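K.L.:
this one's sequence-less:
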Ligand code: FES
Ligand SMILES: [Fe+2]
């Protein structure tokens, strides 16, 4: 793989979100595209999930057109049966055929967290999953998170760059229920951490989308906080843990967990308001991002004139460029 | 579950379209939080003052409100 291909379709040797867990019911399968490749998600009735390359080891037919046999999938073309770990369990047309018992289909390590399926995309030199430290807001007791997933006609990196660009909040989202307030001028700084960096305003906090942390913990995610109006009740601002699935060069899946530090009746009330009224308002804000990003020209990042507010984006690109080059040369 | 690209679904956390009662309760809660405060006592007082009661018509108590939020929000 070339560095350009990796840069365009997503970094290898780390975890990425794929789709929400609910997209694959118990006993069901689902075809998905991720990092520019075709995959089959396969779930047994007991909930066990596997992720297989969507390619029959016989002659390459998509396994996703095949049949779910409970603990394995049978290719529709000539009936070859493959288990969840990629082992061929049977070649019905030629019993005893030497394909049987061989692990011929690539299978990815998977985990399910906060209602999303995560998978480890290693290259040939790194098949063993990288150590994964999950975002604290998704695991900490006392924090409640609700996932919103959407599919955008946008290269994955544009979606991440959008998150490393807090200043768009005061403009793109000025007409929204949460980001109407705060200064439309700001100074930013980068603050390095041992897992990534903060990109933050130096002169305003807690008013708009004023800071973001990029975290590189076996999976890439961002953390940020946005104030709620008083109508949202107790619990203060809501945070967002954001992740992006590189689907292919042109498309991505975005995962936003809205989280809040609330427990007991405060948690229940937030969830009730969220489902009934707030989720739709959040969606309108997210649509502003989608409309803008989908309208960006394909060569947007080739002809830019950047200024101080774009340092977070520049830092991100440098990091991903370097990682892609390193993976390509390995 | 839809399998067509793109998945763009406004409502992902709901299990049902809220009932008129749920819409009214939610809207009133927002008003109470805005005007009366964020403490549980403020909420009970605010809802009862606006005559927005539990489905059985009784004024809210802290216990009945907790139970109803648990039912609707869990
Ligand atoms: S291609 Fe799948 S069984 Fe032949
Ligand atoms: Fe945005």
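P.N.:
Arrived safely. What you see is a predicted model, and the numbers here were worked out from it, not measured in a lab. Ligands and ions are numbered 1, 2, ... in the order given.

K.L.:
give the buried residues for stretch A:153-161.
P.N.:
Neighbour-count burial for stretch A:153-161, counted by 16 or more other C-beta atoms under 10 Å in any protein chain shown, picks out A:154-161. Any C-beta I mention is one placed from the backbone N, CA and C, and that applies to glycine too.

K.L.:
all helices of chain A, in order?
P.N.:
Along chain A, the stretches classed as helices by DSSP state H are A:3-9, A:136-139, A:156-163, A:168-171, A:264-273, A:279-294, A:311-329.

K.L.:
tabulate the ones you listed (CSV), appending distance to ligand 1 and mean pLDDT.
P.N.:
Below are the helices of chain A laid out as CSV (distance: least, C-beta to the nearest ligand atom, whole Å; pLDDT from 0 to 100):
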stretch, distance to ligand 1, mean pLDDT
helix A:3-9, 25, 98
helix A:136-139, 38, 98
helix A:156-163, 31, 98
helix A:168-171, 47, 95
helix A:264-273, 45, 98
helix A:279-294, 37, 98
helix A:311-329, 31, 97
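
K.L.:
out of these, deepest packed?
P.N.:
Burial of the helices of chain A is given as mean neighbour count (mean count of other C-beta atoms under 10 Å in any protein chain shown); helix A:156-163 ranks first at a mean of 23.

K.L.:
counting by contacts, list what it packs against.
P.N.:
Helix A:156-163 sits against strand A:220-226, strand A:238-246, strand A:252-260, helix A:279-294, helix A:311-329, with contacts defined as 3 or more C-beta pairs under 8 Å, 6 or more residues apart in numbering or on different chains; DSSP states H and E.

K.L.:
redo that, cut-off 7 Å
P.N.:
strand A:238-246, strand A:252-260, helix A:279-294, helix A:311-329 (3 or more C-beta pairs under 7 Å, 6 or more residues apart in numbering or on different chains; DSSP states H and E).

K.L.:
can you pull the contacts of the spatially most central residue of chain A?
P.N.:
With distances taken as C-alpha atoms, centre = their mean, residue A:244 lies nearest the centre of chain A, 3.1 Å away. When contacts are counted by C-beta atoms under 7 Å, 6 or more residues apart in numbering or on different chains, residue A:244 touches A:156, A:159-160, A:252, A:254.

K.L.:
next one: it from residue A:17, what distance?
P.N.:
Here the criterion is C-beta to C-beta, to the nearest Å. By it, residue A:244 lies 8 Å from residue A:17.

K.L.:
do the same with residue A:3
P.N.:
Distance from residue A:3 to residue A:17, by C-beta to C-beta: 23 Å.

K.L.:
pLDDT below threshold where in chain B?
P.N.:
Residue ranges of chain B with pLDDT under 70: B:1-2.

K.L.:
just give me the longest helix of it.
P.N.:
helix B:20-35.

K.L.:
now residue 7: closest residue in space, sequence neighbours ignored.
P.N.:
Looking at chain A here, since you left the chain open. Take residue A:7 and drop its neighbours on the chain: the residue closest to it by C-beta to C-beta, 6 or more residues apart in numbering or on different chains is residue A:324, 4.1 Å away.

K.L.:
can you look at chain B instead?
P.N.:
Leaving aside its sequence neighbours, residue B:7 sits nearest to residue A:151 (C-beta to C-beta, 6+ apart; 4.7 Å).

K.L.:
bridged to the one you found, which residues?
P.N.:
residue A:253 (DSSP bridges).

K.L.:
what distance do you get for residue A:312 to residue A:163?
P.N.:
Distance from residue A:312 to residue A:163, counting by C-beta to C-beta: 9 Å.

K.L.:
what do you get for residue A:58?
P.N.:
Going from residue A:58 to residue A:163 by C-beta to C-beta gives 43 Å.

K.L.:
ok so, going back, kindly reformat the helices of chain A as JSON lines containing distance to residue A:187.
P.N.:
As requested, the helices of chain A are exported to JSON lines (distance: least, C-beta to C-beta, whole Å):
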{"stretch": "helix A:3-9", "distance to residue A:187": "30"}
{"stretch": "helix A:136-139", "distance to residue A:187": "27"}
{"stretch": "helix A:156-163", "distance to residue A:187": "19"}
{"stretch": "helix A:168-171", "distance to residue A:187": "13"}
{"stretch": "helix A:264-273", "distance to residue A:187": "33"}
{"stretch": "helix A:279-294", "distance to residue A:187": "24"}
{"stretch": "helix A:311-329", "distance to residue A:187": "10"}
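
K.L.:
what's the closest of the ones you listed to residue B:19?
P.N.:
When the helices of chain A are compared by C-beta to C-beta, helix A:264-273 sits nearest residue B:19, at 12.2 Å.

K.L.:
contact partners of that closest one?
P.N.:
A:144, A:232-235, A:260, A:262, B:26, B:29-30, B:40, B:66, B:69-70, B:72-74.

K.L.:
over to whichever residue of chain B sits closest to ligand 1. Which of the three states is it?
P.N.:
In chain B, the residue that lies nearest ligand 1 is residue B:3 (21.4 Å; C-beta to the nearest ligand atom). Here residue B:3 is coil, with the state taken from DSSP: H, G, I helix; E, B strand; the rest coil.
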